[in-house]
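J.: show me how the following folds:
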Amino acid sequence: MQTKLLGAIATTLAIASPAFAADLVIGVPNWPSVTVTANVIKAVVEANMGLTVELQTGTNPVIFEAMDKGSMQVHPEVWLPNQQGLVDQYKANVELNTHGAPAVQGICANKAAADAGFKDISDLADPTKAALLDSDGNGKGEVFIGATGWGSTTVEHAKAHGYGYDQVVDLVELDESIAYAQLDVAITAGKPWVGFCYTPHHLFTLHPEMVFLTEPAHDAAKWSMVLPEADADWLNKSSVAMAWPPAYIQPAFSVGLNDMAPQVASLLRNMDLSSDDLGAFSFSVVVDGKDAALVAADWIAANPDRVTAWLK
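T.: Coordinates of the predicted model:
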């Protein structure tokens, strides 16, 4: 099977739009590891099931809506609880894999920020400290809260409002590649930087000195996140000023696959990528500069027994 897989993978592009209608469409959001996970699924399906697969970029809401309508069939890496609102909204037509890889997320500080006194999330509400994060000269610090379209970004906005630090800093939404490039510049210059971070991610391999700011312990009974599309007053009605609950990353797929391509549905139920796998995917794409399809091919070649188990 390994030879067969590698032959199919060799011609796989990381994200491409074929001129013909594909049998399966996989949505690909905008973070590094998901591009590899999508290519792993694509390669395994095409090599073993005789189906053509298209990878199509999209935000989390777009992918979930498309899975609901049947124009896309797979989301390779759903983060929970970040995307719980989307899971609840489309639960009638979207099924989750149950082998989630554990993840951690929150607001991080580089060494210069930690040395300047950024230890706890409450430090961001201190105007004197917050001014140390000013990089554009407007007198207010900046805190990266995630990319537009991430479920976590909306939550971090609500958390900043709950903690009150949205009053003294500018909340910045950027593609993470840009945000972490800014972090690299800050580290080189010895300047403080604070922003959203998560594991598994290559960031902590490159910068092991990065630390999460402490927050009040998570209390499930008090955690209440209201989505913007549900209420115009969502910021004031949300109550999330505490640490995130434990997070997990897993594939999701349209329930229509159970009839349309049951073997694909079974594959997606059986997938069990680990946190180490996802962190290595991110490192290979961003740090080593490797093509996502080739990273996927290498991983499949190194893990034939795991892939075989997925196909049972």
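J.: contacts, neighbours, all on C-alpha from now
T.: OK.
J.: residue with max distance from the center of the protein?
T.: Note on the chain: the largest C-alpha distance from the chain mean falls to Thr128, namely 32.3 Å (CA atoms, centre = their mean).
J.: give me the low-pLDDT residue ranges for the protein?
T.: Scanning the chain for pLDDT under 70 picks out the ranges 1-20.
J.: and the residue farthest from the centre of the chain, how close does it get to Val45?
T.: 55 Å (CA to CA, to the nearest Å).
J.: quick one: the helices in the stretch 1-150 of the chain, in order.
T.: Secondary structure of the stretch 1-150 of the chain (DSSP state H, counting those that start in this stretch): helices at 2-9, 32-49, 60-69, 84-89, 111-115, 127-130.
J.: pick the most buried one from those helices.
T.: Using mean count of other CA atoms under 10 Å, the stretch among the helices of the stretch 1-150 of the chain with the largest mean neighbour count is helix 32-49, at a mean of 23.
J.: off-centre distance for that one?
T.: In terms of CA atoms, centre = their mean, to the nearest Å, the centre of helix 32-49 is found 17 Å from the chain centre.
J.: quick thing: my sequence starts at 396, can you match it?
T.: All right, first residue 396 from here; so that's helix 427-444.
J.: what packs against that helix?
T.: If contacts are counted by 3 or more CA pairs under 8 Å, 6 or more residues apart in numbering; DSSP states H and E, helix 427-444 sits against helix 397-404, strand 419-423, strand 448-452, strand 469-475, helix 657-665, helix 670-681, helix 687-697.
J.: picking that back up, can I get the helices of the stretch 396-545 of the chain in JSON lines with distance to Trp694?
T.: Rendered in JSON lines, the data for the helices of the stretch 396-545 of the chain read as follows (distance: least, CA to CA, whole Å):
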{"stretch": "helix 397-404", "distance to Trp694": "10"}
{"stretch": "helix 427-444", "distance to Trp694": "8"}
{"stretch": "helix 455-464", "distance to Trp694": "25"}
{"stretch": "helix 479-484", "distance to Trp694": "29"}
{"stretch": "helix 506-510", "distance to Trp694": "33"}
{"stretch": "helix 522-525", "distance to Trp694": "43"}
